[in-house]
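J.: Below are the sequence and a predicted model; questions follow.
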Amino acid sequence: MVAAPIHFTGNVDFRMRLVLATLSGRAIKIDRIRSDDLEPGLKDYEVSFLRLLEAVTNGSVIEISYTGTTVVYRPGLIVNGTITHNCPVSRAVGYFLEPILLLSPFGKAALNLTLKGVTSNGIDLGVDTIRAALFPVYQKFGIMRQELRVVKRGSLPLGGGEVSVFLPHVLLQPNTLHAAVKTPQVSKIRGTAYSTRVSPASVNRIIDAARGVLKVTGCETFIYSDVARGEESGKSPGFGVSLVAETKSGWCYTAEGAGSAGEAPEDVGERVARALLEEVAIGGMVGTTQVKHLVVLMVLGKEDLGRVLIGGGVIDEAFVRLLRDIKLMWGTEVRIKQHEDAEVDEDGEDGERPMEFVLTVKGVGFVNATKKIA
């Protein structure tokens with residue numbers, strides 16, 4: 001007897017729910033997608049992601065209602081392969097690449113993916129942030145040799161960028177993570193400031209402004225400049241920066257931003273640098289952009305307890321929804337306990353140190369069946 005699809009409502013966490021369904025092999029039904037909006041149903045980028053998901057898998061069945069407000073997804077096997085995908089300019093390529101990173105290690109073969117569109121928009125994760133901040137998290141679980149190359153940079157509104165991603169490492173199951181220790185100290189700050197079809201001086205202005213904010217850390221700071229020229233500069237003018245604070249133990253915190261209409265390069269540099277300091281102040285081992293990937297990979301691990309230290313600032317509504325969705329898919333729960341070393345002042349309030357929690361996960365013993373067969 002075929003199990004009934006797990007039911008969800010609304011467009012929130014659309015990509016993550018599709019990814020969890022694919023990894024767990026459970027069919028899902030998502031209805032009432034923007035049913036009360038003037039333009040109800042799926043957006044162009046959501047349909048595009050469904051097409052990419054269809055290309056990465058084999059045997060998946062996707063049913064979309066006439067109005068686009070209901071989607072039924074029955075996952076197939078992850079096969080990967082060589083794929084080229086044109087992304088709509090309404091979202092950056094990071095919108096499509098970020099969830100695919102969770103699927104690619106559990107496929108039948110390596111994934112060689114080319115994405116075309118907007119490379120950074122200040123909303124979705126930019127390509128520089130994915131390379132510098134997400135790849136190190138995957139390495140903690142034994143997923144290695146991930147490569148991302150920016151062939152062309154593309155800014156809003158017309159895009160024209162191109163990114164080549166090679167994800168060759170296919171494994172049976174991720175390693176168990178044990179990282180419930182003290183918050184690591186930031187040892188250095190790295191970053192990439194880029195520009196497309198604007199004066200190269202804009203990049204230098206971004207770097208100088210960011211350095212001015214980050215000098216209070218006393219850390220070694222090096223921000224690369226990437227001035228796209230000619231065919232490599234896409235179709236629209238733009239600039240932005242991605243910053244990463246690295247620790248000696250290989251963990252990192254990240255922040256990024258792209259220039260909006262009327263915003264000066266100096267404003268972008270200062271805004272992103274301050275956002276990076278806020279990320280570091282959260283504490284824990286990972287920042288807000290990495291914690292979802294961390295939790296899903298821990299759940300997919302061996303039937304052993306994994307632990308990691310997280311800052312209280314990463315526990316928001318989206319994080320809680322993810323834990324609920326994981327319980328629906330696998331029936332496993334995540335335990336969150338306040339870190340024993342948290343400082344408390346005389347009034348019983350939290351001290352200067354950020355509130356931190358130990359997140360404990362028992363892996364579900366996920367096994368990559370396609371690799372075992374291949």
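T.: That came through, no problem. No experiment lies behind these values; they were computed from the predicted model shown.

J.: Tell me how many other residues surround Gly331.
T.: Neighbour count of Gly331, defined by other Cβ atoms under 10 Å: 9. All C-beta spots, glycine's among them, are computed from the backbone N, C-alpha and C.

J.: I misspoke; the intended subject was Gln146.
T.: Counted by other Cβ under 10 Å, the residues lying close to Gln146 total 21.

J.: What of Ser35?
T.: Per other Cβ under 10 Å, the neighbour tally for Ser35 reads 15.

J.: Thr70 is in contact with that one, correct?
T.: No: if you go by Cβ atoms under 8 Å, Ser35 and Thr70 don't touch, sitting 9.1 Å apart.

J.: If I look at Gly351, what pLDDT would I see?
T.: Here, the pLDDT recorded for Gly351 equals 49.

J.: for the one 4 residues further on, same thing?
T.: Per-residue confidence (pLDDT) for Met355: 89.

J.: measure the residue nearest to the spatial centre of the chain to His293 for me?
T.: Centrality entry for the chain: nearest residue to the mean C-alpha point is Glu98, 4.6 Å, by Cα atoms, centre = their mean. Per Cβ to Cβ, to the nearest Å, Glu98 is found 8 Å from His293.

J.: Give me the common contacts of these two.
T.: With contacts taken as Cβ atoms under 8 Å, 6 or more residues apart in numbering, Glu98 and His293 have Leu134 as neighbours in common.

J.: hey, where'd the helices end up in the stretch 151-300 of the chain?
T.: Taking DSSP state H, counting those that start in this stretch to define them, one finds helices in the stretch 151-300 of the chain at 201-214, 265-282, 291-299.

J.: about what we covered before: in contact with the residue nearest to the centre of the chain, which residues?
T.: Neighbours of Glu98 in contact, by Cβ under 8 Å, 6+ apart: Arg15, Asp124, Leu125, Ile130, Leu134.

J.: Return the closest of those with respect to Glu263.
T.: Asp124 (18.0 Å; Cβ to Cβ).

J.: So the closest one sits against Val89, correct?
T.: No: with contacts counted by Cβ under 8 Å, Asp124 stays clear of Val89, the gap being 11.7 Å.

J.: and Gln338, how many residues sit next to it?
T.: So Gln338, with other Cβ under 10 Å, has 12 neighbours.

J.: nearest spatial neighbour of it, skipping sequence neighbours?
T.: Of all residues not flanking Gln338 in the chain, Phe357 sits nearest, at 5.6 Å (Cβ to Cβ, 6 or more residues apart in numbering).

J.: next one: Val118
T.: Computed as Cβ to Cβ, 6+ apart, the closest residue to Val118 that is not its neighbour in sequence is Gly159, at 4.2 Å.

J.: returning to what we had before: the one helix or strand the residue nearest to Gln338 maps to pairs with which strands, and in what direction?
T.: Secondary structure assignment for Phe357, by DSSP states H and E: strand 356-362. Partners of strand 356-362 in the sheet, by DSSP bridges, are strand 305-311 (antiparallel), strand 334-338 (antiparallel).

J.: okay, those strands, which one's buried deepest?
T.: Comparing those by mean neighbour count (mean count of other Cβ atoms under 10 Å), strand 305-311 comes out on top with a mean of 21.

J.: what does the helix or strand just after that one rub up against?
T.: Using DSSP H and E, the helix or strand that directly follows strand 305-311 along the chain is helix 317-330. Residues outside helix 317-330 that contact it (Cβ under 8 Å, 6+ apart): 6, 12-13, 16-17, 20-21, 23-24, 26, 291-292, 295-296, 299, 332-334, 364.
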